[in-house]
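In: I'd like to go over a predicted model; first the sequence, then the structure.
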Amino acid sequence: MGARTFRMHSRWRIPFRRDDVFAVLADADGYQTWWPQIHDAVRIDDVSGRARFRSLLPVSLHVRLTQERIDAGSGVLRARLAGDLVGWSQWAVSVDDPLTHSVVDFRQQVDFTKHVAVVPLWMIRPILHANHRFMMWSGRRGLIRHLADRAARRDQISD
């Protein structure tokens, strides 16, 4: 791993069933409706798309994502990334409580390729990690809110 390589890991406990969580994470077209830091998400074809990410820092990252694995049985979604981030990211959704809770593990290993001329990357590494933590915190909140809205709509339809 070089100075530009970042390994990120986040674990979320989500108060919804595994299948519901997996379905939302597998719907790449829907991310920008529930995750505030994901912008300009555009599908290119059946297995790839482009997106722009921006969290707290005034830097947008442009990434092309290509689906590598989508396995509902094991709860794994994996994508290859190219652009300002090069590498891979993966969701793994597992059962915590079969009726009410899931555990979502997000792992990512990427090389940061975007040129940041202001300071050397090693100097801002802690800031980039904090920026990522905020993005993941916000994503978790957005996912829970989105799943709650879906459940409420489903309940209204069944009444």
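Out: In hand now; what should we look at? Numbering: from 1, shown residues only.
In: I'd say residue 103 and residue 75 touch.
Out: No: with contact defined as C-beta atoms under 8 Å, residue 103 does not count as touching residue 75 (9.4 Å). All C-beta atoms are positioned from the backbone trio N, CA, C, and that covers glycine.
In: who has more neighbours out of those two?
Out: Summary of the neighbour comparison: residue 103 and residue 75, criterion other C-beta atoms under 10 Å, with residue 75 having more neighbours (21 against 17).
In: show me the contacts for residue 147.
Out: By C-beta atoms under 8 Å, 6 or more residues apart in numbering, the residues touching residue 147 are 14, 16, 20, 21, 24.
In: in a strand, the third one, correct?
Out: No: when classified by DSSP: H, G, I helix; E, B strand; the rest coil, residue 20 is found to be helix rather than part of a strand.
In: how about it: what's its closest non-neighbour residue?
Out: residue 147 (6.0 Å; C-beta to C-beta, 6 or more residues apart in numbering).
In: against residue 155, how distant is that neighbour?
Out: Shown here: residue 147 relative to residue 155, a distance of 13 Å by C-beta to C-beta, to the nearest Å.
In: related to what we said a few turns ago, does the residue nearest to residue 20 sit in a helix, a strand or a coil?
Out: The three-state label for residue 147, taken from three-state DSSP, comes out as helix.
In: in a markdown table, list the contacts of residue 147 along with distance to residue 131, pLDDT and neighbour count.
Out: Formatted as a markdown table, the entries for those read as follows, by distance: C-beta to C-beta, whole Å; pLDDT from 0 to 100; neighbours: other C-beta atoms under 10 Å:
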| residue | distance to residue 131 | pLDDT | neighbour count |
| --- | --- | --- | --- |
| 14 | 22 | 96 | 21 |
| 16 | 27 | 95 | 19 |
| 20 | 29 | 94 | 16 |
| 21 | 24 | 96 | 25 |
| 24 | 24 | 96 | 18 |
